[in-house]
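J.: I'd like to go over a predicted model; first the sequence, then the structure.
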There are 2 protein chains.
Amino acid sequence: MNNDEAHGAKRDEQLAPRVDGILSSAVRRGELLAADCPSREVLRHLTSRWGVLVLIALEDGPMRFSDLRRKVSGVSEKMLSQTLQALEADGFLDRHSRPVVPPHVDYNLTPLGHEAAERVRLFADWIEDNIGRILRAREARTPEDKGHPTAGADRLQPAE
Amino acid sequence: MNNDEAHGAKRDEQLAPRVDGILSSAVRRGELLAADCPSREVLRHLTSRWGVLVLIALEDGPMRFSDLRRKVSGVSEKMLSQTLQALEADGFLDRHSRPVVPPHVDYNLTPLGHEAAERVRLFADWIEDNIGRILRAREARTPEDKGHPTAGADRLQPAE
DNA sequence: TTCAAAACTAACCTTTTTGTATGTACTTAC
DNA sequence: GTAAGTACATACAAAAAGGTTAGTTTTGAA
């Protein structure tokens, strides 16, 4: 038997993900673009400055705090522990602390975190693969001053 | 020789994207995790709070400023124009202003922007599809106070 | 004996981001 | 005649993010 129906609470959250097929795109799109969509908060956490890099770093396997700190170059201890706690609270990774001294703590992705990390890395890989194009496109625009909003609007005409 | 060498400057950026195959994963991974990697800045722009939503909104086609403002619910005029300018400067979207009054300005994704938006949407879709799991995973952790770093370390043993 | 390493926390400060409110120039709708 | 809409800029204020330093506790290495 399926005890899925058993807990009963929060039907709303469970309803939306079930919608798949033709309508799903429009419905889901509408959700994220809505100000009160809970996905927005999750999106913020996962796309946070250090969150992205931690997820990517942990894809290679479990890692200790200080190893992560060295791997994710540039992160401070404070931001790393803050980021790890946020991701842990969201259920994207697990923390395993061994009661030894000096402390030994391992972090590893949960199945959920692994799925998220995969997607994040796909996006990150695209950026790295295309960083040349991107930088060139940027340079093609910054050198020349692009027309100001009012600059081209010297001669105004009524909207047709 | 090929005229690729002609401009001389920034060989480095062009070199990396050319690396593909077995080594690419390790190399690229290493780049983003390096503090001075230019991809990090691009990543910040694309994963900025409103940048993600603007890219997704523009995937359906060109849109005017005020239409975007209504579609991306919750964004202020200031942040929207700031976000649009940043994405435009990076070459992810184009701005087309018609010299009429009241002003009429259209924004649309460039080919580059389209590729980026696709990846971003894939990730966003995953979040929306799994928001139920995510929220449940979070709730499973927050109610109970998870062990403090020192809490479980009452009896300390030398690291083995 | 002093230092470094481990994995943090807490306090303090700076920087960045975001929001709010206002103004602009002109037109259309009420 | 007044309000609303258009696409912003600008100034100021609040909030969030980030950095730096110091401190904890114990071990092992120099």
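T.: Everything's here; your move.
J.: Mind jotting down where the helices sit in chain A?
T.: Applying DSSP state H to chain A gives helices spanning A:11-18, A:22-33, A:38-46, A:49-58, A:65-71, A:77-89, A:111-139.
J.: now for the last one, which elements pack on it?
T.: Under the contact definition 3 or more C-beta pairs under 8 Å, 6 or more residues apart in numbering or on different chains; DSSP states H and E, helix A:111-139 sits against helix A:49-58, helix B:11-18, helix B:24-33, helix B:38-46, helix B:111-139. All C-beta spots, glycine's among them, are computed from the backbone N, C-alpha and C.
J.: could you give the mean pLDDT of that helix?
T.: Average pLDDT, helix A:111-139: 95.
J.: what angle do that helix and helix B:111-139 make?
T.: Per axes from the mean of the first three to the mean of the last three C-alpha atoms, to 10 degrees, the angle that helix A:111-139 makes with helix B:111-139 is 150 degrees.
J.: Just give me how far helix A:111-139 sits from the chain centre.
T.: Remark: helix A:111-139 is offset 11 Å from the chain centroid, using C-alpha atoms, centre = their mean, to the nearest Å.
J.: Next: the fourth one.
T.: Taking C-alpha atoms, centre = their mean, one finds helix A:49-58 lying 9 Å from the centre of the chain it belongs to.
J.: Tell me, how many residues neighbour the residue in chain A positioned nearest to DNA strand D?
T.: When distances are taken as C-beta to the nearest atom of the strand, chain A reaches nearest to DNA strand D at residue A:49, 3.2 Å away. Neighbours of residue A:49 under the rule other C-beta atoms under 10 Å in any protein chain shown: 16.
J.: Just give the closest residue to it, not the sequence neighbours.
T.: residue B:44 (6.7 Å; C-beta to C-beta, 6 or more residues apart in numbering or on different chains).
J.: From residue A:34, how far off is that neighbour?
T.: According to C-beta to C-beta, to the nearest Å, residue B:44 and residue A:34 sit 24 Å apart.
J.: Below-threshold pLDDT in chain A: ranges please.
T.: Regions of chain A meeting the criterion pLDDT under 70 cover residues A:1-30, A:143-160.
J.: DNA strand C contacts on that one?
T.: Residues of chain A found near DNA strand C (C-beta under 7 Å from any atom of the strand) are A:64-67, A:77-78, A:81, A:84-85, A:95, A:97, A:101-105, A:156, A:158-159.
J.: re earlier: the residue nearest to residue A:49 - how many residues pack around it?
T.: Neighbour number of residue B:44 under other C-beta under 10 Å is 14.
J.: Over to residue A:96?
T.: Residue A:96: 11 neighbours (other C-beta under 10 Å).
J.: For it, which non-adjacent residue is closest in space?
T.: Nearest to residue A:96 is residue A:106, by C-beta to C-beta, 6+ apart, at 4.5 Å.
J.: partner residues bridging the closest residue to residue A:84 other than its chain neighbours?
T.: Leaving out its chain neighbours, the residue that sits closest to residue A:84 by C-beta to C-beta, 6+ apart is residue A:107, at 6.1 Å. Following DSSP bridges, residue A:107 is listed with bridge partners residue A:63, residue A:95.
J.: wait, doesn't residue A:107 sit right on residue A:65?
T.: Yes - under the criterion of C-beta atoms under 8 Å, residue A:107 is in contact with residue A:65, at a separation of 7.1 Å.
J.: residues in contact with the residue nearest to residue A:96?
T.: Going by C-beta atoms under 8 Å, 6 or more residues apart in numbering or on different chains, residue A:106 touches A:62, A:63, A:64, A:95, A:96, A:97, A:98.
J.: Which of these are buried, as a PyMOL select command?
T.: In PyMOL, a selection of the buried entries from these looks like this (16 or more other C-beta atoms under 10 Å in any protein chain shown):
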select buried, chain A and resi 63+95+97
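J.: out of the contacts of residue A:106, which one sits closest to residue B:72?
T.: The shortest gap between residue B:72 and any of the contacts of residue A:106 belongs to residue A:95, at 35.3 Å (C-beta to C-beta).
J.: ok, that closest one - contacts?
T.: Contacts of residue A:95 by C-beta under 8 Å, 6+ apart are A:84, A:88, A:105, A:106, A:107.
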